[in-house]
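> next one to model:
(one chain, ligands or ions: 2)
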Amino acid sequence: MVEHLRLISASTVAEILQYDDLIPTMEKALAKFSCRPDSGVIQPVRTVLRVPPVDGFLGVMPAYSEMDDILSTKLVAFFPRNKGIPSHNAVIMLFNSHTGIPQALLDGDVITARRTAAASAAATKHLVSGVPQQLAILGAGVQARSHYYALSSQFNFQQVRIWNHNPDKAKALAAELGPEVEAVAEASEAVQNADLIVTVTSSSTPVVQADWVKPGAHINAVGACRPDWCEIAPELMQKSAVYVDSKEAAIKESGDIIKSGASIAAEIGEVIAGKAEVRRSDTTIFVSLGMAIEDAAAANLVLKRLAERDNTN
Ligand SMILES: NC(=O)C1=CN([C@@H]2O[C@H](COP(=O)(O)OP(=O)(O)OC[C@H]3O[C@@H](n4cnc5c(N)ncnc54)[C@H](O)[C@@H]3O)[C@@H](O)[C@H]2O)C=CC1
Ligand SMILES: O=C([O-])C1=[NH+]CCC1
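Ligands and ions are numbered 1, 2, ... in the order given. Okay, the predicted model is just below:
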């Protein structure tokens, strides 16, 4: 039954969803996910349907949080070969968790961009050693931009270096972002001396080699969300302390973990909840695949902030 379905556009989501609000929300969502079943979170590994003629994928991502009264599903199409239009297109449906009646349909593009970057910012807060001053971003698409803004909201970078396999995109993004941002020609140049590294490419071969990375650096590895994709050299995966968003999803979907056979130290939610310690080895890596509970919590936050705004007007 759909009687009063609220439609929430990308521009409304973009106006409402701010990182200082979203990052702590992601921290809580990640912790609750890793405290299931006691936390009342239910989230299966997503179903990913292949669309072979265009090398595309459709992901179906349902989640339920009993404590937060949230029932939702995201539908995300990711078509990496898209040119001149976004490669990721998504919607999120929120249902009333007591009746199952659809409540709101939200644009999922902005939520996907920002909640992913906010989850990386939350992971960085718990895994990084010291205060990061040099940031390297490999990739120059939607997630590169959102990661720059999310991480810059938490840390004061002296320098940010962006590399992309298509250098013109890196130059354009660097020019759009802050004065501390520089596009560099080689991935090794971006990574060397970086305290914090973000990989947000759609690559199926490593874009970060082990001997480029400064000991003690932290990496948010965000792009390799298919078993045959890969961003981090296997040798680097094997010698680092590897944290994931979901262990169950990581062994099914993460090319970086599957190809390297690296062992998983813990879920980031276990670290946030104080159930796992951070192994201070040479390098820490957060392997992010993206979780439905992140979309559910972000969509719910949008609705909550809109309701507060409506009440004050
Ligand atoms: N972990 C998570 O929660 C999420 C992960 N992703 C993944 O993150 C990656 C980036 O996503 P978006 O920025 O939205 O995509 P995008 O299409 O906007 O940007 C992709 C970037 O990767 C570069 N690229 C494409 N093919 C490459 C290759 N073979 N080698 C090196 N670079 C290559 C492109 O030039 C572009 O800079 C994708 O793999 C996407 O599936 C996206 C959303 C959520
Ligand atoms: O979590 C997500 O929405 C996605 N992860 C990889 C592609 C889309």
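
> and the residue of the stretch 151-300 of the chain nearest ligand 1?
Nearest residue of the stretch 151-300 of the chain to ligand 1, counting by Cβ to the nearest ligand atom: residue 290, 2.4 Å away. Quick note: C-beta positions are derived from backbone N, CA and C, even for glycine.

> residues of this structure that sit close to ligand 2?
59, 76, 78, 88, 112, 225, 289, 290 (Cβ under 6 Å from any ligand atom).

> and the first one, how many neighbours does it have?
Burial measure for residue 59: 19 neighbouring residues, criterion other Cβ atoms under 10 Å.

> quick check: closest non-adjacent residue to it.
residue 76 (4.5 Å; Cβ to Cβ, 6 or more residues apart in numbering).

> which one of the residues of the chain next to ligand 2 is nearest ligand 2?
Nearest to ligand 2, judged by Cβ to the nearest ligand atom, of the residues of the chain next to ligand 2 is residue 290 at 1.9 Å.

> can you say which helix or strand has the closest residue to that closest one other than its chain neighbours in it?
The shortest distance from residue 290 to any non-neighbouring residue, by Cβ to Cβ, 6+ apart, is to residue 116 (5.9 Å). Applying DSSP states H and E as the criterion places residue 116 in helix 109-127.

> now find how far off-centre that helix is within its chain.
5 Å (Cα atoms, centre = their mean, to the nearest Å).

> mean confidence score for it?
The average pLDDT within helix 109-127 is 98.

> any buried residues in that helix, and which?
Buried residues in helix 109-127, counting neighbours by 16 or more other Cβ atoms under 10 Å, are found at 109-124, 126-127.

> before we move on, what about stretch 51-71?
Under the neighbour-count rule (16+ other Cβ under 10 Å), stretch 51-71 has 56, 57, 58, 59, 61, 62, 63, 64, 65, 68, 70, 71 buried.

> between all of the residues you listed, which two are separated the most?
Farthest-apart pair in those is 56 and 68; separation 31.9 Å (Cβ to Cβ).

> that older thread, next SSE downstream of the helix holding residue 116?
Tracing the chain C-terminally past helix 109-127 and defining elements by DSSP H and E, one meets strand 134-138 next.

> pull the CA atoms of whichever helix or strand comes after that next one into CSV?
Remark: after strand 134-138, the chain's next helix or strand is helix 142-152, criterion DSSP H and E. In CSV, the C-alpha atoms belonging to helix 142-152 read as follows (Å, rounded to 0.1, in the frame of the first residue of the first chain):
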residue,chain,number,x,y,z
VAL,A,142,32.6,10.6,-7.2
GLN,A,143,34.2,8.8,-4.3
ALA,A,144,37.5,10.7,-4.6
ARG,A,145,35.6,14.0,-4.2
SER,A,146,33.5,12.8,-1.3
HIS,A,147,36.5,11.3,0.5
TYR,A,148,38.4,14.6,0.2
TYR,A,149,35.5,16.4,1.9
ALA,A,150,34.8,13.8,4.6
LEU,A,151,38.4,13.4,5.6
SER,A,152,39.1,17.2,5.4
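
> is stretch 173-181 in proximity to ligand 1?
No. Using Cβ under 6 Å from any ligand atom, stretch 173-181 stays clear of ligand 1, with a minimum separation of 8.2 Å.

> grab the nearest non-local neighbour of residue 187.
Closest to residue 187 by Cβ to Cβ, 6+ apart is residue 163, at 4.6 Å.

> one more: residue 20?
Distance criterion Cβ to Cβ, 6+ apart; nearest residue to residue 20, sequence neighbours excluded, is residue 153 at 6.4 Å.

> which residues touch that neighbour?
Applying Cβ atoms under 8 Å, 6 or more residues apart in numbering, we find residue 153 in contact with 19, 20, 23, 121.

> do the same with residue 12
Counted by Cβ under 8 Å, 6+ apart, residue 12 has contacts 107, 302, 306.
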